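**Student:** structure of the sequence below:
(4 chains)
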There are 2 protein chains.
Amino acid sequence: MNKKMSSHMNPNVSIDCVVFGFDGSELKVLVLQRDLRDNLALGDDTLVLPGDLILDNEDLSEAAGRILKAFTGLKNIFLEQIGAFGNPSRLIKEKDRLWLEAVRKDPEARVITIGYFALINIKNYKIKPAGFDKHVMWSDYHNVSTLGFDHNQIVNRAKQVLRDKLYREPVGFELLPRHFSLHQLYTLYSKIMDEDIDRRNFRRRMLKTGFLKETDEVQEGVPHKRAKLYTFAKKEFDNLGANFKFY
Amino acid sequence: MNKKMSSHMNPNVSIDCVVFGFDGSELKVLVLQRDLRDNLALGDDTLVLPGDLILDNEDLSEAAGRILKAFTGLKNIFLEQIGAFGNPSRLIKEKDRLWLEAVRKDPEARVITIGYFALINIKNYKIKPAGFDKHVMWSDYHNVSTLGFDHNQIVNRAKQVLRDKLYREPVGFELLPRHFSLHQLYTLYSKIMDEDIDRRNFRRRMLKTGFLKETDEVQEGVPHKRAKLYTFAKKEFDNLGANFKFY
DNA sequence: CCAAAAGTGTTGATGCTACACCCATGA
DNA sequence: TCATGGGTGTAGCATCAACACTTTTGG
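**Tutor:** Predicted structure coming up:
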């Protein structure tokens, strides 16, 4: 992250990660405060996505995993590429330039960034970003803060990709705890799609897929009827080729 | 393309284009013979996708357009990014290394490539690659030749993206002449999807979209009943927001 | 007893699939 | 006259959207 460690970094290619998190009722996007991460005192309170230049010997997805590990402490989580962002003017904003000059070995370099999106459930894991915890935070999914560089554009593409995938691949379960209620699943779909879905029809369709297995657990301590908890039958799903639609 | 011209090239980022073409009955992929393109005599008959390093001041899609123009003479054609390919070992094959050493200013550099796919109709345009015409050729869509670098992987991703888009966006028309018969459209869909589609149902669905306008032309010189020709109502489509499915 | 979510079925409309025959043309 | 694709309709089936009330629990 600082000049000393940059020796094997490729000056022209970076990775930025859009991390979506769900806490059971709200969808969030992980952002961090730039200057504090690097212990600078630029008076720069700009928020950005977690990202870094790639190392010259690592694969793109490997680099994305490394970055995610560094900022969240998590590994082995869902991660997928959403494309390259290479507008030549993506780095020219004043604050962005100051930051680059302070941090990068070659601050003038043209940088193309490869976007990734990741999915985690906030409850299951505890985010422990090594040393920076106060400066890593969740931004509201439907109202993401203004970010540095072209990072809002990257977030928008990630949202688009997430929406497109939701009904064709079982990505939703990555955002939920292993055992979840149909209500949580419903809330998640509604938030991602940003539209009202009929609750009963949703429930029927989901159960009809055959990939939700009842557990013998129920919700505890809720001031209303306890919901059965389900789990996603990942193995069964993987065995059936993915000619499948989640709706 | 040669060392003299590389002064403003970024050594770490390239573009490769998968150009799909349709001649009314067959789907093709554009490939070229590597050594001849650069007038080398390496005894290298490897086929590759059209591609090049990017210039440091150009946008990614601009670079893709430049490359396409150079190899086909065409501009303003459908072009869309399919993602970044950055496996660190994507350049290590023996023949690929020899070629890089002969052509690149910095042949050892780690190169990440951004894949694009393009759609053209072979009949409407005449491909006139400046100077290299004999070495630019069409490879069969369902049986693409073995290519250098990781280009077969890029082609496979492009095919996947094309299939995914075909029913949600009106990309098919990019591959057809402005006036086309329903039979051509049908053939095209069948080839891209690689499956049998019911001819009557296909016809009905397409017409029901309301975006196919009858022209007053018919086929000429065919040994059977002449088909009406249709045209895609692009303006009408663009005016309706793209909440639309082409099936 | 109140608030909040859980759970549960039916009906009408729409859309999809499957399927076969005659027509026009050029060779 | 033959080969080739052009053009046409329907019936049964499956799927989807729309819709409201009772139950359980904690506070």
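
**Student:** quick one: average pLDDT of stretch A:108-126?
**Tutor:** Over the span of stretch A:108-126, the pLDDT mean works out to 90.

**Student:** report the distance from that stretch to the chain centre.
**Tutor:** Put simply, stretch A:108-126 sits 6 Å off its chain's centre (Cα atoms, centre = their mean, to the nearest Å).

**Student:** do it and chain B meet?
**Tutor:** Yes - applying Cβ under 8 Å from any Cβ of the partner chain, one finds stretch A:108-126 touching chain B at A:110, A:112, A:114. Every residue, glycine included, has its C-beta placed from N, CA and C.

**Student:** ok, then the element right after the helix or strand of chain A at the bottom of the mean pLDDT ranking?
**Tutor:** Here the helix or strand of chain A ranked lowest by mean pLDDT, DSSP states H and E is helix A:34-37, holding a mean of 70. Following helix A:34-37 in sequence order, the next helix or strand is strand A:47-48 (DSSP states H and E).

**Student:** against which helices or strands is the helix or strand just after that next one packed?
**Tutor:** Counting by DSSP H and E, the next helix or strand C-terminal to strand A:47-48 is strand A:51-55. If contacts are counted by 3 or more Cβ pairs under 8 Å, 6 or more residues apart in numbering or on different chains; DSSP states H and E, strand A:51-55 sits against strand A:9-22, helix A:60-72.

**Student:** can you add distance to residue A:168, mean pLDDT and mean neighbour count and give these back as JSON lines?
**Tutor:** Shown next, in JSON lines, are the helices and strands packed on strand A:51-55 (distance: least, Cβ to Cβ, whole Å; pLDDT from 0 to 100; neighbours: other Cβ atoms under 10 Å in any protein chain shown):
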{"stretch": "strand A:9-22", "distance to residue A:168": "17", "mean pLDDT": "97", "mean neighbour count": "24"}
{"stretch": "helix A:60-72", "distance to residue A:168": "21", "mean pLDDT": "94", "mean neighbour count": "20"}
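
**Student:** redo these as TSV? Include distance to DNA strand D.
**Tutor:** Shown next, in TSV, are these (distance: least, Cβ to the nearest atom of the strand, whole Å):
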stretch	distance to DNA strand D
strand A:9-22	23
helix A:60-72	32
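
**Student:** could these go into JSON lines alongside distance to residue B:81?
**Tutor:** Compiled in JSON lines, those are given as follows (distance: least, Cβ to Cβ, whole Å):
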{"stretch": "strand A:9-22", "distance to residue B:81": "15"}
{"stretch": "helix A:60-72", "distance to residue B:81": "15"}
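
**Student:** tell me the buried residues in the biggest helix by length in chain A?
**Tutor:** Determined from DSSP state H, the single longest helix within chain A is helix A:151-166. Within helix A:151-166, the residues scored as buried using 16 or more other Cβ atoms under 10 Å in any protein chain shown are A:151, A:154, A:155, A:157, A:158, A:159, A:161, A:162, A:165, A:166.

**Student:** quick one: it to chain centroid distance?
**Tutor:** The mean C-alpha position of helix A:151-166 is separated from the chain mean by 10 Å, Cα atoms, centre = their mean.

**Student:** ok, for residue A:97, nearest residue in space, not its chain neighbours?
**Tutor:** Setting aside the residues directly before and after it, residue A:97 is nearest to residue A:91 in space (Cβ to Cβ, 6 or more residues apart in numbering or on different chains), at 6.8 Å.

**Student:** can you check residue A:14 too?
**Tutor:** Among residues not flanking residue A:14 along the chain, residue A:113 sits closest, at 4.5 Å (Cβ to Cβ, 6+ apart).

**Student:** so which bits of chain A are right by chain B?
**Tutor:** Going by Cβ under 8 Å from any Cβ, the residues of chain A near chain B are A:10-13, A:54, A:56-60, A:81-84, A:86-88, A:110, A:112, A:114.

**Student:** you'd agree the residue nearest to residue A:97 is in a strand?
**Tutor:** No - secondary structure of residue A:91 (DSSP: H, G, I helix; E, B strand; the rest coil): coil, not part of a strand.

**Student:** please work out how many residues are found near it.
**Tutor:** Neighbour count of residue A:91, defined by other Cβ atoms under 10 Å in any protein chain shown: 20.

**Student:** please, which helix or strand holds residue A:139?
**Tutor:** Secondary structure from DSSP H and E places residue A:139 in strand A:136-140.

**Student:** in that strand, what counts as buried?
**Tutor:** A:136, A:138, A:139.

**Student:** got it, and stretch A:101-121?
**Tutor:** A:102-104, A:109-121.

**Student:** of all those, which comes closest to residue A:232?
**Tutor:** residue A:121 (11.9 Å; Cβ to Cβ).

**Student:** residue A:45: neighbour count?
**Tutor:** 10.

**Student:** let me see the confidence value for it.
**Tutor:** For residue A:45, pLDDT reads 80.

**Student:** for it, which non-adjacent residue is spatially closest?
**Tutor:** residue A:33 (6.3 Å).

**Student:** wait, what's in contact with that neighbour?
**Tutor:** Neighbour list for residue A:33: A:45, A:46, A:47, A:135, A:137 [criterion: Cβ atoms under 8 Å, 6 or more residues apart in numbering or on different chains].
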